[in-house]
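Novice: need a structure here:
(2 chains)
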Amino acid sequence: MNVDVIKQSLIQFERRHSVAFSHMSSRQSSILELGAIVGVQEHYRSNGFQIRVENPHQAGRFFVKLSSRGDPWKYSRIIVTKGKITAELHMNLVVEGAHDKGRYCVDVGIVNPNRVPRKKPQLKWTCLPNNRLISFVEVKRLVIYPMLLAQFIGEVHEIAPQFLGCRKVYRCDRYRHLPATLIALGHFSANSSEIKESFHKRGYQVHIAENFDVRVSLARVRSTRSPLYWDHEKY
Amino acid sequence: MSLDAVKEFANELPYRFREDVIGYARSVKDVLPEIFHEARCPFNEMAANQLIFIAGVKKLYSICTSNFWIIENSLFMLERSEVHAVQIGSSTIHRESDDYLALAVLLRQLENLLSEHRILHLIHQRSYGDILKELWS
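Specialist: Sure thing, here's the model as predicted:
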């Protein structure tokens, strides 16, 4: 292996594709968040839910919400239904905190139906009331290290503390609604996987989906598989 | 030494990717003694340098594959719900869009380049111990 020769080839390659690399870099977070909401959609589909995508401007075109700014009625939402259970999935949704009037933007909000307006309301809409939030998903393009897990648990504590309580949240597990979930592109680093196991022993209803891109690839091949759970994962 | 080679090729990348590539190669450099120990190979400077370089290339490759495959898989899965295009800001992404095609070409050409230099199989290896054994042999 000639390191110098390969290095020169890579430099030429990167110069040739500099525009593509630049676009990729500026959109990476949005693309990952898109991957997350589609992953959540497929999780519900794999559990027997019917899926319907509502696009506000044009049928067949999914409008991605890029940040906390922007009116939610201008962006796509996904409706999941199974029997009497219905929920909506929203990207970058602003939600009221569980303990105070703080407002938090969750990457994917899983919410009760018809609680996010479909058109501009007469009164200013600021955020989803906390009691209308079923669950939420956070996405990181990082390896999972202990402090990232601690930060995620802090978010759950502020936004959905019911997942950290002694009583299990009704209808939230891998076969029904998702528990609070952290999606990451990276793997578990250091002793993060031990911390994850400890969360379950303490009764926390949280799910950590590491190596998300690998999971999505597998789910693509087998549509009955959830992209958020390996086959052996119970929680 | 090969961390310098990683820095040289990473220097052409946007800041965020550059930091990812160099940071990852550095993290592999930090655990070289463990990799050699687990692979039961005596320490060898040339193999160590090659391993650091491979780590940098591996990260570059994973950045390209994960971006392409997340878009490709998202489009594939949204098609199950009759959605054929995604609007991200002012850009529309679908299978014939310039952005999608540029990413597909980039990934294919990177794979060709790594294949021509006979390191694609090393990039696909998950364990650095296995890569080291191959470099050693």
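
Novice: what about the residue nearest in space to the middle of chain B, which helix or strand?
Specialist: Centroid check for chain B by C-alpha atoms, centre = their mean gives B:Y61 as the closest residue, at 2.0 Å. Following DSSP states H and E, one finds B:Y61 within helix B:45-79.

Novice: give the buried residues for that helix.
Specialist: B:47-78 (16 or more other C-beta atoms under 10 Å in any protein chain shown). (C-beta placed from N, C-alpha, C; glycine too.)

Novice: residue ranges of the strands in the chain, please?
Specialist: Just going to use chain A. Assignment of strands within chain A using DSSP state E yields the ranges A:50-54, A:61-64, A:77-82, A:85-96, A:103-111, A:133-140, A:180-184, A:206-209.

Novice: chain B is the one I meant
Specialist: Counting by DSSP E, chain B has strands at residues B:85-88, B:91-93.

Novice: any low-confidence regions in chain A?
Specialist: A:217, A:220-224, A:232, A:234-235 (pLDDT under 70).

Novice: show me the helices in it, by range?
Specialist: Per DSSP state H, chain A has helices spanning A:3-16, A:18-46, A:146-159, A:192-201, A:212-221. These are given in chain order.

Novice: so what pLDDT did the nearest residue to B:L110 once chain neighbours are set aside get?
Specialist: Excluding the flanking residues, the one nearest B:L110 by C-beta to C-beta, 6 or more residues apart in numbering or on different chains is B:C64, at 5.6 Å. For B:C64, the pLDDT comes out at 90.

Novice: list the residues that contact B:C64.
Specialist: If you count contacts by C-beta atoms under 8 Å, 6 or more residues apart in numbering or on different chains, B:C64 has them with A:M24, B:L103, B:L106, B:L107, B:L110.

Novice: close to chain B, is stretch A:129-145?
Specialist: No - Stretch A:129-145 does not reach chain B (C-beta under 8 Å from any C-beta of the partner chain); its nearest approach is 8.5 Å.

Novice: so how far is the helix holding B:Y61 off the chain centroid?
Specialist: How far helix B:45-79 lies from its chain's middle: 3 Å, per C-alpha atoms, centre = their mean, to the nearest Å.

Novice: picking that back up, out of the strands of chain B, which comes closest to chain A?
Specialist: Of all the strands of chain B, it is strand B:85-88 that lies closest to chain A, at 4.6 Å by C-beta to the nearest C-beta.

Novice: what is that closest one packed up against?
Specialist: In terms of contacts (3 or more C-beta pairs under 8 Å, 6 or more residues apart in numbering or on different chains; DSSP states H and E), strand B:85-88 is packed against helix A:18-46, strand A:61-64, helix B:45-79, strand B:91-93.

Novice: how about JSON lines for those, with distance to A:I85 added?
Specialist: Below are the helices and strands packed on strand B:85-88 laid out as JSON lines (distance: least, C-beta to C-beta, whole Å):
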{"stretch": "helix A:18-46", "distance to A:I85": "10"}
{"stretch": "strand A:61-64", "distance to A:I85": "23"}
{"stretch": "helix B:45-79", "distance to A:I85": "21"}
{"stretch": "strand B:91-93", "distance to A:I85": "31"}
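
Novice: returning to that earlier point: go through the helices of chain A and pick out the most buried.
Specialist: Per residue and on average, the most neighbours among those fall to helix A:18-46, with a mean of 22 (mean count of other C-beta atoms under 10 Å in any protein chain shown).

Novice: hmm, that one in reach of chain B?
Specialist: Yes - under the criterion of C-beta under 8 Å from any C-beta, chain B is reached by helix A:18-46 at A:18-28, A:30-32, A:34-35, A:38, A:41-42, A:45.
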